[in-house]
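Enquirer: have a look at this prediction, sequence included:
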Amino acid sequence: MSLGLVARLRSAGLEPATWSNAPGDAYAAHDHAYDKALVCVVGSIVFGLADRGEAFELQPGDRLDLPAGTKHDALVGDEGVTCLEAHLAAGRLGSLRHRRAGEW
């Protein structure tokens, strides 16, 4: 895990946890009652937002901020994925944002 990514999230007031999934793992469409900040550490994952007609692929260093109530699904890439994830009270992150490594 990249300690630099953890430090960047912590400096923004976020407390990340780590999770991993195997290649091809999928999550059905769902939403959360809290805001979620996600950062890809290793591998890749695509988050689909069917209600918005959008999809975002996260690769190492990329970040996706999902506001509470944003319906999303996910499909893990061919190499699996490890992500950092932090939860905040609804409304704290603002709008949906996808940023590539080095942009946040």
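Expert: Okay, I see it. The shown structure was predicted, so the numbers you read here are calculated from the model rather than taken from an experiment.
Enquirer: and the nearest residue in space to residue 84 that is not next to it in sequence, what does it touch?
Expert: Leaving aside its chain neighbours, residue 84 sits nearest to residue 16 (3.9 Å; criterion: Cβ to Cβ, 6 or more residues apart in numbering). C-beta coordinates here come from the backbone N, C-alpha and C atoms, glycine included. Applying Cβ atoms under 8 Å, 6 or more residues apart in numbering to residue 16 gives the contacts 5-6, 9-10, 37, 39, 84-86.
Enquirer: again with residue 95
Expert: Taking Cβ under 8 Å, 6+ apart as the test, what residue 95 contacts is 65, 67.
Enquirer: would you mind measuring from the residue nearest to residue 84 to residue 26?
Expert: 23 Å (Cβ to Cβ, to the nearest Å).
Enquirer: what do you get for residue 89?
Expert: As judged by Cβ to Cβ, residue 89 and residue 26 stand 28 Å apart.
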